[in-house]
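How does the following fold in three dimensions:
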Amino acid sequence: MNVEKGIAQVPSTFENLENLNTPEKIINQMVLNIRKQQADIPSADIEVYDVVLMVNIDGEWKPVKKEDFPKEGLAVTLPYPEGTGKDTHDFVVCHLFTEDMGGYHIGEAEYPEVTKTDEGIRFTVHGLSPIAVGWKPIVTVNEEEQGDRQEPAAAEEKDAGLRSPKTGEDVDMVRIVMILMSLAGFMGALYLAGSYHKR
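Down below sits the predicted model:
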């Protein structure tokens, strides 16, 4: 099996497909397919591979023809992308069909289940080239709990801001208003008393 990063040439079956008739378009479509499965995977964390199954015929290595491809599919193991690993990342794989085979049509995609092994990521596909791999860090239980704790804390801080305690100025203003009301009541009483005596 021959594995190369990127897409060197366009499969002949893609030449008449407007969205897949250049290497750049193929890569863009593969990236889009991965992100449809996992929207939180950035484009920078997606690698596209050109994978070809080869067979030795009379001493010459040639790509396997569609009719000779295993009907049960082919198990593929790819090394972990640089900076990733079995215990640190999860992976999503997309294979884009270049032939009508396995119940799929040209340009359609399959998303095989990924098994993480010591050698790399392993998955079974029903055709080869191109294959894209996307990855994202594993979120641990402690990190999830920390995130859950931070959200209520932020809400409490917001509520505390809405329910801010009265300042010293607020208290002084209340006292002044109460004193003025008391004086107004006292003056009113004196006025009534003076009016009564005049009669």
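
Just give the nearest non-adjacent residue to the spatially most central residue of the chain, would you?
For the chain, the residue sitting closest to the mean C-alpha position, by Cα atoms, centre = their mean, is residue 40 at 0.8 Å. Nearest non-adjacent residue to residue 40, counting by Cβ to Cβ, 6 or more residues apart in numbering: residue 136, 6.3 Å away. Quick note: C-beta positions are derived from backbone N, CA and C, even for glycine.

For the one you found, list each beta-bridge partner.
On the basis of DSSP bridges, residue 136 is bridged to residue 90.

who's in contact with it?
38, 40, 41, 45, 89, 90 (Cβ atoms under 8 Å, 6 or more residues apart in numbering).

May I have the secondary structure class of the third one?
Think residue 41. Here residue 41 is recorded as coil under DSSP: H, G, I helix; E, B strand; the rest coil.

What separation is there between it and residue 13?
Separation of residue 41 from residue 13 (Cβ to Cβ, to the nearest Å) stands at 27 Å.

These two - which one has more neighbours?
residue 41 (18 against 14; other Cβ atoms under 10 Å).

so that one makes contact with residue 31?
No: using Cβ atoms under 8 Å, residue 41 is not in contact with residue 31; the gap is 9.1 Å.

just to revisit the earlier point, now, the most widely separated pair of the contacts of residue 136?
Greatest spatial distance among those (Cβ to Cβ): 40 and 89, at 12.7 Å.

I'd guess residue 142 is in a strand, am I close?
No: in this structure, residue 142 is helix, not part of a strand, as judged by three-state DSSP.

Read off the pLDDT value for it.
Per-residue pLDDT puts residue 142 at 71.

Tell me, please, the helix or strand in the chain that averages the lowest pLDDT.
In the chain, no helix or strand scores lower on mean pLDDT, DSSP states H and E than helix 168-198, which sits at a mean of 54.

and residue 125, how many residues sit next to it?
Neighbours around residue 125, by other Cβ under 10 Å: 22.

which secondary structure element contains the nearest residue in space to it that is not next to it in sequence?
Excluding the flanking residues, the one nearest residue 125 by Cβ to Cβ, 6+ apart is residue 95, at 4.5 Å. Secondary structure from DSSP states H and E places residue 95 in strand 89-96.

which residues touch residue 113?
Shown in contact with residue 113 (Cβ under 8 Å, 6+ apart): 123, 124.

Within the helices and strands, which one has it?
Residue 113 is located outside every helix and strand, with elements delineated by DSSP H and E.

Could you check the pLDDT of the residue nearest to residue 100 when sequence neighbours are not counted?
Once flanking residues are discounted, residue 100 sits nearest to residue 106: 5.8 Å by Cβ to Cβ, 6+ apart. Per-residue confidence at residue 106 stands at 96 (pLDDT).

What residues does residue 106 make contact with?
Per Cβ under 8 Å, 6+ apart, neighbours of residue 106: 13, 14, 17, 97, 98, 99, 100.

What ranges in the protein fall below the confidence cut-off?
Scanning the chain for pLDDT under 70 picks out the ranges 143-199.
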